[in-house]
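Chemist: Sequence below, structure please.
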Amino acid sequence: MADGVEVRGNRVRVYFRYKGELCREAMPGDASPENIAQAERLVGMINYEIKAGTFSYARHFPESPRIKTNTLGHYIDLWLEIKANQMAPSGFRTYKSKVETHIRPRWGEHQADQIDHLDLQSWIQTKLMPALHNKTVREIISLLRQVFVIYRTRNKTAHDPTEGLGVTLPDPDEADPFDRKEIRDILGGATDKPQEINLAQFMLWAGPRVSEAISLAWEDVDLKAGTVKFRRSQVRGHYKVTKTRRSTREVRLLKPAIEALKAQQRFTEKAAPVDIEVTDRDNKTKKQVKVRFVFHCTTTSAAHSSSDMLLKGFWRPHLESVGVRYRGPNNCRHTYASQLLSTGAVPIDWIADQLGHTSTAMIWRHYGKWINQDGPDMISLLEHALKL
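Modeler: Model (predicted):
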């Protein structure tokens, strides 16, 4: 028999080296002279195609286990299993949604080694870019690239078709904080939801993320010292430790934030504690804690179930009712930072510490909009300093 053909019992197998690996595939039928001759012709053809760079494993052996485990969908499944153990549930749901909505329907059944860079470029330009924001397209490309990293751990010599793919993002929008007049309108407008007004005042003058504010407990508050400690956040009903280690922080409160907490005492300070489960930073360790949440939903008399419910149930309709141009509730955090920056008197390092950021660059990039009408008259100050 020719090299590349072997008989095992009454079956014929061909073998060949492809991408540095020795591959063996069974031929249909028994080990008759005709089938052995057919195997010899086949292995000769395969070796020729491998040298010519035209070999397709799926064309010759469509039922091979190698084919079924070489689809991009197979590697998507492996990648999702890994991510499920690495990420918080909320982040994992976002990743999985993008993969299942955009990547798997188009590429899941394709052999991973047959996916071409130009085909991906065409898909991005004709399907993704017209329908999605640039930022979303960039995220999808990043996820696809991560799947190919998993593929290449099994196929060391394989190329990465995502290499060189990119999407240019527009310049980021400037922070758009509320000015003092808008703050007065938000907090002074007529409402039947006093607890939500207290929450808004606290967020505007303490600067937490919404997820941190709605998971604040009285056990984290020291009114005598004028401080709170942000230890956890809540996303879609799931409690976890704060976004980063630096985000777990003790914050010194301005007078309006303290007043908001004092106004909230009559509603929730004596409420019965509830048991919650908090996921640690490793996304596996879970701790059971008893807490009395500070801010409740006025309608349900229970803690806010999510930031989305706060947005739909109070924030959006309230801004409309008081005539303030809509910005999301996380804009309260922008406002707090910008109000402090606008004084010209607060060290930016202190602001970064209050917000839980590791660098002052983050402050300028995300929150550094100067509110001219709320800040000091810099021209007068400069003219005085320069003796003009």
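Chemist: In the protein, which strand is the longest?
Modeler: In the chain, with assignment by DSSP state E, the single longest strand is strand 11-18.
Chemist: Distance of the spatially most central residue of the chain relative to residue 144?
Modeler: Centroid-nearest residue in the chain, with C-alpha atoms, centre = their mean: residue 91, separated by 4.8 Å. Counting by C-beta to C-beta, to the nearest Å, the separation of residue 91 from residue 144 is 17 Å. To be clear about C-beta, it is placed using only N, CA and C from the backbone, and glycine gets the same treatment.
Chemist: okay, now the domains of this protein?
Modeler: Following automatic domain parsing, the chain resolves into domains at 5-62, 72-154, 192-324.
Chemist: how about those domains in JSON lines, adding distance to residue 330 and mean pLDDT?
Modeler: Shown next, in JSON lines, are those (distance: least, C-beta to C-beta, whole Å; pLDDT from 0 to 100):
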{"stretch": "domain 5-62", "distance to residue 330": "48", "mean pLDDT": "88"}
{"stretch": "domain 72-154", "distance to residue 330": "15", "mean pLDDT": "92"}
{"stretch": "domain 192-324", "distance to residue 330": "5", "mean pLDDT": "92"}
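Chemist: so of those, which one's packed in deepest?
Modeler: For these, the largest average neighbour count (mean count of other C-beta atoms under 10 Å) is found in domain 192-324, namely a mean of 18.
Chemist: quick one on the thing from earlier: any chance of the domains of the chain in JSON lines, with distance to residue 345 too?
Modeler: Below are those laid out as JSON lines (distance: least, C-beta to C-beta, whole Å):
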{"stretch": "domain 5-62", "distance to residue 345": "65"}
{"stretch": "domain 72-154", "distance to residue 345": "35"}
{"stretch": "domain 192-324", "distance to residue 345": "13"}
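Chemist: Ok, which of those domains comes nearest residue 178?
Modeler: domain 192-324 (7.1 Å; C-beta to C-beta).
Chemist: tell me how far the ends of the closest one are from each other?
Modeler: End-to-end distance for domain 192-324: 18 Å, by C-alpha to C-alpha, to the nearest Å.
Chemist: same question, stretch 303-310
Modeler: Span of stretch 303-310 from end to end, C-alpha to C-alpha: 10 Å.
Chemist: cool, stretch 95-110 as well?
Modeler: Taking C-alpha to C-alpha as the criterion, the two ends of stretch 95-110 lie 21 Å apart.
Chemist: now stretch 283-293
Modeler: End-to-end for stretch 283-293, by C-alpha to C-alpha: 23 Å.
Chemist: what's the answer for stretch 105-123, then?
Modeler: 12 Å.
Chemist: What pLDDT does the model give residue 349?
Modeler: Listed pLDDT for residue 349 reads 83.
Chemist: Test my guess that it contacts residue 360.
Modeler: Yes. If you go by C-beta atoms under 8 Å, residue 349 and residue 360 touch, sitting 6.1 Å apart.
Chemist: For residue 160, which of the domains of the chain is the nearest?
Modeler: Among those, domain 72-154 sits nearest to residue 160 (C-beta to C-beta), with 5.1 Å.
Chemist: related to what we said a few turns ago, how near is the residue nearest to the centre of the chain to residue 143?
Modeler: 12 Å.
Chemist: for residue 72, same thing?
Modeler: 12 Å.
Chemist: same deal with residue 102?
Modeler: Distance from residue 102 to residue 143, by C-beta to C-beta: 9 Å.
Chemist: my read: residue 39 touches residue 27, true?
Modeler: Yes. Taking C-beta under 8 Å as the definition, residue 39 is a contact partner of residue 27 at 5.1 Å.
Chemist: intersection of neighbour lists for those two?
Modeler: 12, 13, 14 (C-beta atoms under 8 Å, 6 or more residues apart in numbering).
Chemist: ok, the residues you listed vs residue 81, which is closest?
Modeler: residue 13 (32.3 Å).
Chemist: who's the closest one bridged to?
Modeler: Applying DSSP bridges to residue 13 gives these bridge partners: residue 6, residue 26.
Chemist: List the contacts of it.
Modeler: Contact partners of residue 13, counting by C-beta under 8 Å, 6+ apart, are 5, 6, 7, 24, 25, 26, 27, 39.
Chemist: show me the contacts for the second one.
Modeler: Contacts of residue 6 were listed using C-beta under 8 Å, 6+ apart, and they are 12, 13, 14, 15.
Chemist: Make JSON lines out of those residues and add distance to residue 326.
Modeler: Below are these laid out as JSON lines (distance: C-beta to C-beta, whole Å):
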{"residue": "12", "distance to residue 326": "72"}
{"residue": "13", "distance to residue 326": "68"}
{"residue": "14", "distance to residue 326": "67"}
{"residue": "15", "distance to residue 326": "67"}
